[in-house]
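Visitor: sequence unavailable; structure follows:
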């Protein structure tokens with residue numbers, strides 16, 4: 001796969017179903033995290049959002065990185081919204097999954113209908129509060 005430098009290029013390269021989900025999640029993130037900066041990472045254009053630290057990212061299953069193979073992607077054709085400090089989030093309803101990680105937790109979507117916007121907004125707000133706490137520690141330090 002050729003290097004993709006922008007988030008828009010990455011989105012345009014996705015299958016239609018993943019494009020729709022990724023665009024909606026991107027809109028929600030930009031709406032809920034107005035102080036965050038969006039940047040495409042890994043030469044794949046995968047959008048990560050940061051303010052004081054990395055807050056979250058949107059990772060479509062079609063963007064293969066690491067040991068995954070394209071045949072594995074078809075089994076898990078989802079778009080993940082990852083929270084970089086997910087281990088610090090309340091997650092009382094268990095919607096966030098560690099997937100074997102200690103810090104980063106994700107939620108995945110197979111369709112636009114699965115995006116419960118109120119819940120996603122609440123998680124983004126909580127992630128923003130955690131990020132702001134890191135910013136306050138930095139100011140005192």
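Guide: Ah, there it is. Bear in mind that the values here come from a model prediction, so they are computed numbers and not experimental data.
Visitor: what's the helix of greatest length in the chain packed up against?
Guide: If you go by DSSP state H, the chain has its longest helix at helix 117-140. Other helices and strands packing on helix 117-140, by 3 or more Cβ pairs under 8 Å, 6 or more residues apart in numbering; DSSP states H and E, are helix 16-32, strand 54-60, strand 79-83. Backbone N, C-alpha and C define where each C-beta goes, glycine included.
Visitor: what sits up against it?
Guide: Helix 117-140 has contacts (Cβ atoms under 8 Å, 6 or more residues apart in numbering) with 25, 28-29, 31-33, 35-36, 50-53, 55-56, 81, 83-85, 88-90, 95-96, 107.
Visitor: and the helices and strands packed on helix 117-140 as JSON lines, adding mean pLDDT?
Guide: Output for the helices and strands packed on helix 117-140, formatted as JSON lines (pLDDT from 0 to 100):
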{"stretch": "helix 16-32", "mean pLDDT": "97"}
{"stretch": "strand 54-60", "mean pLDDT": "96"}
{"stretch": "strand 79-83", "mean pLDDT": "97"}
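Visitor: low-confidence ranges in the chain?
Guide: 1-4, 65-77, 137-141 (pLDDT under 70).
Visitor: are any of the contacts of helix 117-140 buried, and which?
Guide: Taking 16 or more other Cβ atoms under 10 Å as the criterion, what is buried in those is 25, 28-29, 32-33, 36, 50-52, 55-56, 81, 83-85, 88-89, 96, 107.
Visitor: list the contacts for the closest residue to residue 96 other than its chain neighbours?
Guide: Leaving out its chain neighbours, the residue that sits closest to residue 96 by Cβ to Cβ, 6 or more residues apart in numbering is residue 105, at 3.8 Å. If you count contacts by Cβ under 8 Å, 6+ apart, residue 105 has them with 82-83, 86-87, 89, 91, 96-99.
Visitor: take those residues and keep only those in strands.
Guide: Using DSSP state E, 82-83 are the members of the contacts of residue 105 that sit in strands.
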